[in-house]
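Asks: What shape does this take:
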Amino acid sequence: MKTIYAKMACLLIGMSLLPLTTSVAMAAEKDDKQSRAVQRRLQQMQQVQQKLEQENTALKEQLKESEAKLAAAQTALSTQKQSISKLQALNSEQDSNVSACQGAQQAVRSELEVNEVQRKQLSADKAKLEIALSQQKTEVQACQEKNVSLINASLELMKKYEKEALSGVEPLTGLKGVEIENQFQTYRDQTESQYYRPGRAK
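Replies: The predicted structure follows:
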């Protein structure tokens, strides 16, 4: 009898504990589900993190490439700026050379204009001098002819007066005649020295 009572007591106790056991089992199952859900979320987050890290790595590589391209572009830009500066300096020098050449050309033109004016003036002066020289030659020729005529007339006149002067000289000594002849010879020499001969100083 005691055994039966004991069994019944155990059965009753077990029946009373059944709801509690069921509740504990359900709670454990619920915790297990939550744990698995948390693990799945952790795995998803780890995958997202890995993906973000990969994307970050890729972005860093792209950034490095972009920085390298930017550095190359800046170097090329600096080279282009230097080239532009050199070209500007060369253009400035060429402009200065062109200005200098233009100034020199203007100076040459001015000098040529002055020379042309001087040449025309010299040509006009030459023409005037040629006319004056021609007139002078004509006048000299006329003067020479008159000079010869005048000297010849003077010599003829001296000869005539010499004869007349000698005709009255005493024939014995002839001293007066020699004196007269010497005087007339002096007159003839002086007269003949007045001949104009071109190319000979008077």
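Asks: Give the helix, strand or coil label for Gln194.
Replies: coil (DSSP: H, G, I helix; E, B strand; the rest coil).
Asks: surely it meets Leu155?
Replies: No: with contacts counted by Cβ atoms under 8 Å, Gln194 stays clear of Leu155, the gap being 10.9 Å. Using the backbone N, CA and C atoms, a C-beta is placed for each residue, glycine as well.
Asks: Which one of those two is surrounded by more residues?
Replies: Set side by side, Gln194 and Leu155 show more neighbours around Leu155, with 15 against 11, by other Cβ atoms under 10 Å.
Asks: what sits against the more buried one?
Replies: Arg188, Thr191, Glu192 (Cβ atoms under 8 Å, 6 or more residues apart in numbering).
Asks: any idea which of these is closest to Thr75?
Replies: Glu192 (107.1 Å; Cβ to Cβ).
Asks: Check which helix or strand the closest residue to that closest one other than its chain neighbours maps to.
Replies: Distances taken as Cβ to Cβ, 6 or more residues apart in numbering place Ile151 nearest to Glu192, at 6.8 Å, with adjacent residues excluded. Per DSSP states H and E, Ile151 falls inside helix 2-167.
Asks: Figure out how far that helix is from the centre of its chain.
Replies: Computed by Cα atoms, centre = their mean, to the nearest Å, the chain-centroid distance of helix 2-167 equals 17 Å.
Asks: Now do that helix, average pLDDT.
Replies: The pLDDT scores in helix 2-167 average 81.
Asks: again, but for stretch 178-191
Replies: Per-residue scores along stretch 178-191 average to 76.
Asks: Use 745 as the first number from now on
Replies: Shifting the count to begin at 745 puts that one at stretch 922-935.
Asks: Could you check that stretch and say which residues are buried?
Replies: Ile924, Phe928, Tyr931, Arg932, Thr935 (16 or more other Cβ atoms under 10 Å).
Asks: between the helix or strand containing the second one and helix 746-911, how many degrees?
Replies: Assigning secondary structure by DSSP H and E places Phe928 in helix 919-936. Using axes from the mean of the first three to the mean of the last three Cα atoms, to 10 degrees, the direction of helix 919-936 lies 160 degrees away from that of helix 746-911.
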